[in-house]
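>>> Sequence first, then the predicted structure:
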Amino acid sequence: MTLRTFQSGGLELVYETHGRLNDAGDNCVMLPTYYTGTHASYMRVIGSGHVLDPAKYFIVSPNMLGNGVSSSPSKTPMFLNASVSDNIHLQHQLLNTLGVREIQLLYGWSMGAMQGYSWAALYPAMVKNLLAVCGSARCWPLNRVFLEGIAAAMGHDEDRRAFGRCYAGWAYSAAFYRDELYKPMGFETLEVFLKYWEDDHLTFDARDLMAMLWTWKHADINDSALASITARTIIMPADTDMYFTVDEARIEAAAIGHAEVRVINSPYGHCAGAPGRFPAETALVEAAMRELLA
């Protein structure tokens with residue numbers, strides 16, 4: 001694996017690559033990062049024995065602007081909020097520099113999926129296959145309500161503990177909490193689990209959290225743009241995801257016209273689609289990858 005930095009227009013795009021680009025420039029797999037994720041967040045689904053095998057594919061994972069690794073408020077003077085399309089255009093410049101001609105698979109979870117939709121709409125000739133897991137193309141009204149709520153929890157005093165504790169209630173399902181499924185994950189009590197969410201968000205700069213939230217909240221791709229997607233598209237919402245919903249996945253699939261919706265039935269809510277986190281759910285996602293890359 002190789003970690004590099006691409007610079008353009010005063011911005012730094014930090015990205016990780018695995019494997020080598022072939023002579024035709026068409027064995028690329030793109031993995032855009034997600035909210036509070038980095039290039040390292042997809043490591044559980046990359047490697048020998050996985051569908052995403054660096055011996056076969058040139059895997060590129062660019063860090064989203066604002067995530068604290070690429071240009072972000074915490075490290076970049078006068079950082080301006082970046083839209084989803086700002087991210088995509090910068091990533092496109094990167095791939096051109098690397099010599100990539102085609103993206104065989106664009107796979108993303110959550111905000112990674114959000115970027116995937118825009119990638120396939122903005123550069124349809126370049127994206128051959130799209131796998132969007134537990135993420136929508138736009139920020140729907142309930143999604144916006146969720147974001148406004150956790151932003152309010154942060155407040156003016158940058159209370160990342162409150163932010164993380166509020167976020168936990170949306171990330172998993174009612175069944176997850178009712179059946180205490182956090183215990184097999186190593187958390188003895190609900191309070192220990194919530195404390196983990198607090199501590200995890202303390203690892204991020206509050207300004208970066210809000211910058212990524214701005215990008216998410218302002219995702220506004222329309223139906224005509226979705227209709228321009230030519231990639232073979234599989235959309236995988238989770239039935240218990242409370243902010244990227246199955247109904248809205250179906251609406252966006254209808255706008256694309258040829259997209260297939262495969263619902264992940266899982267008690268893990270939005271986190272059902274987290275790369276490599278839960279074996280049964282990961283197997284479903286990897287099966288879709290394998291089919292798209294066949």
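That came in fine, so what should we check first?

>>> Roughly how far does Asn70 sit from Val45?
Quick fix: residue 70 reads Ser, not Asn. Distance, Ser70 to Val45, by C-beta to C-beta, to the nearest Å: 21 Å. Bear in mind the C-beta positions are built from the backbone N, C-alpha and C, glycine included.

>>> give me the element Gly108 is part of.
For Gly108, the enclosing helix or strand under DSSP states H and E is strand 103-109.

>>> Please compute how far that strand lies from its chain's middle.
10 Å (C-alpha atoms, centre = their mean, to the nearest Å).

>>> try stretch 230-247
12 Å.

>>> Export only the CA atoms of that stretch, formatted as PDB.
C-alpha atoms of stretch 230-247 as PDB (Å, rounded to 0.1, in the frame of the first residue of the first chain):
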ATOM      1  CA  THR A 230     -24.800   4.700 -17.300                       C
ATOM      2  CA  ALA A 231     -22.800   2.500 -14.900                       C
ATOM      3  CA  ARG A 232     -24.300  -0.800 -13.900                       C
ATOM      4  CA  THR A 233     -25.600   0.100 -10.500                       C
ATOM      5  CA  ILE A 234     -26.500  -1.900  -7.400                       C
ATOM      6  CA  ILE A 235     -27.900   0.000  -4.400                       C
ATOM      7  CA  MET A 236     -27.800  -1.700  -1.100                       C
ATOM      8  CA  PRO A 237     -29.800   0.100   1.700                       C
ATOM      9  CA  ALA A 238     -30.300  -1.600   5.100                       C
ATOM     10  CA  ASP A 239     -33.900  -2.200   6.200                       C
ATOM     11  CA  THR A 240     -33.100  -0.700   9.600                       C
ATOM     12  CA  ASP A 241     -31.100   2.300   8.500                       C
ATOM     13  CA  MET A 242     -32.800   5.300  10.000                       C
ATOM     14  CA  TYR A 243     -31.400   8.100   7.800                       C
ATOM     15  CA  PHE A 244     -30.500   6.500   4.500                       C
ATOM     16  CA  THR A 245     -33.800   4.700   4.000                       C
ATOM     17  CA  VAL A 246     -35.000   1.900   1.700                       C
ATOM     18  CA  ASP A 247     -37.800   4.100   0.300                       C
END
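
>>> what's the model's confidence in that stretch, averaged?
Across stretch 230-247, the average pLDDT comes to 98.

>>> list the buried ones in it?
Of all the residues in stretch 230-247, those buried under the rule 16 or more other C-beta atoms under 10 Å are 230-238, 240-246.

>>> Check those residues against Arg277 and report the nearest one.
Nearest to Arg277 among these: Ala238, at 11.9 Å, using C-beta to C-beta.

>>> distance of that closest one from Pro62?
Taken as C-beta to C-beta, the span from Ala238 to Pro62 is 25 Å.

>>> re the thing from before, from the contact counts, what lies against the very next helix or strand once past the strand holding Gly108?
Downstream of strand 103-109, the first helix or strand assigned by DSSP H and E is helix 111-122. Other helices and strands packing on helix 111-122, by 3 or more C-beta pairs under 8 Å, 6 or more residues apart in numbering; DSSP states H and E, are helix 84-98, strand 103-109, strand 129-133, helix 206-217, helix 223-227.

>>> what's next to the second one, contact-wise?
Okay, so that is strand 103-109. 26-32, 34, 52, 57, 95, 114-116, 119-120, 126-135, 231, 273-275, 289, 292-293 (C-beta atoms under 8 Å, 6 or more residues apart in numbering).
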